[in-house]
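Novice: Pasting a predicted model and its sequence here:
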Amino acid sequence: MKKIIIANWKCNPITLKEAERLFDSVKRRARKVKNVEIVICPPFVYLLATQSFSHRAIKLGSQDCFWEQKGAFTGEVSPLMLKNLGCKYVIVGHSERRRWFGETDEMLNKKIKAVLSAGLKPIFCIGETLKEREDGRTFDVLKEQIEKGLVSVSQKEIKDLMIAYEPVWAIGTGKACPSSEAITAALFIRKLLNELFGQKISKTIPILYGGSVNIKNAADYTKEIQIQGLLVGGASLDAKEFIGIAKRVSKN
Ligand code: PGA
C-alpha cells in the first residue's frame, strides 16, 4: 500500500496570497517525492484557488463537510460540492470539530456515509483525551468512536475509508505520541476492523497517525508496517518541512 501524507492547514493562512504561495511551494517540492500520496486540506475558501494550482502529485481534501448533499442548511458545504470542486478526501471527526463544534459520533457517522456516497474518501479521526488516557480508557474510547462512527457503513463503501489515530493530547502540543504506543493503538484498531469487516476488507483501510508530527519523528511511525501514513497539522504550514516529512516517509 502506498504511504499517504496529509496536510491539515486548519484555520490558516489568513490571506489567499499566502495560501497560493504555500500551495505552490509544496507543489514544486512534491515533484521530487516518489511513492507517497500527498494530500492538502486547505480551508474551504481556498479550495477553488488551490484546485487551479493542483498537480497530479498533489490531491485536494477538505477539513470537514455536512451530511446532506444540498438544501436549506445555511453555512454548510456538502460532499458533492467538494467533489465537483476536485476534492478527493474529506477529514471527518477531527478532535477540534468534536471539541469546539460539538460533533458527536452520531453526526460523524452521517458525515462518513455522505462522504462515501459522494464517492470521496473520508479520513476518519479518532483519539483519546489526556484524561481518558490517564484513566486507562484509551482502547474503550477508540472502540466506541469506531463502532459508533461506522454504524451501518456498507462493506462495499468502507474500502474508501481511512482512519487517523490522533491522540488529542498530542495535537498541537509538541508532545508526539511515542511511536511504540501509536503502533499499539494501530494494532488495536486493525484488530477491531478485522472483527467488524473481516480481514480482506480491513486490509484496504489505511491507518494513519497524527499529533505533533515533524521532520525528525515522521519516519519513526511509518517505518512500522502498522502505520500507513501521517496527518500533519502545524508542520504542514512550512512547505520545506512538510515535503521533508514526505521524503522521509518515502524512504521507509
Ligand atoms: P499537529 O496537528 O500536527 O499540529 O499536532 C495534527 C492534527 O490536528 O491533525
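Specialist: Perfect, I can see it now.
Novice: ranges for the strands of the stretch 101-250 of the chain?
Specialist: 121-126, 162-165, 207-210, 229-232 (DSSP state E, counting those that start in this stretch).
Novice: who touches the longest one?
Specialist: It stands for strand 121-126. With Cβ atoms under 8 Å, 6 or more residues apart in numbering as the test, strand 121-126 has contacts from 6, 61, 88-95, 108, 111-112, 115-116, 141-142, 145-146, 149-150, 160-166, 189, 208, 210, 231. For every residue, glycine as well, the C-beta is placed using N, CA and C.
Novice: A helix includes residue 21, no?
Specialist: Yes. Using DSSP: H, G, I helix; E, B strand; the rest coil, the assignment for residue 21 is a helix.
Novice: give the contact list for residue 40.
Specialist: Going by Cβ under 8 Å, 6+ apart, residue 40 touches 6-7, 9, 23, 26, 50, 58-61, 236.
Novice: burial count for the nearest residue to residue 137 once chain neighbours are set aside?
Specialist: Once flanking residues are discounted, residue 137 sits nearest to residue 128: 6.7 Å by Cβ to Cβ, 6 or more residues apart in numbering. Residue 128 has 23 neighbouring residues, counting by other Cβ atoms under 10 Å.
Novice: again with residue 151
Specialist: A count of nearby residues for residue 151, using other Cβ under 10 Å, gives 13.
Novice: Please state the backbone phi and psi of it?
Specialist: Main-chain dihedrals, residue 151, degrees, to the nearest 10: phi -50, psi 130.
Novice: who are the neighbours in contact with it?
Specialist: Per Cβ under 8 Å, 6+ apart, neighbours of residue 151: residue 109.
Novice: picking that back up, restrict the contacts of strand 121-126 to those near the ligand?
Specialist: Within the set of the contacts of strand 121-126, contact with the ligand (Cβ under 6 Å from any ligand atom) is found for 166, 210, 231.
Novice: Need those in JSON lines (columns: neighbour count).
Specialist: What follows is those, written out as JSON lines (neighbours: other Cβ atoms under 10 Å):
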{"residue": "166", "neighbour count": "28"}
{"residue": "210", "neighbour count": "28"}
{"residue": "231", "neighbour count": "26"}
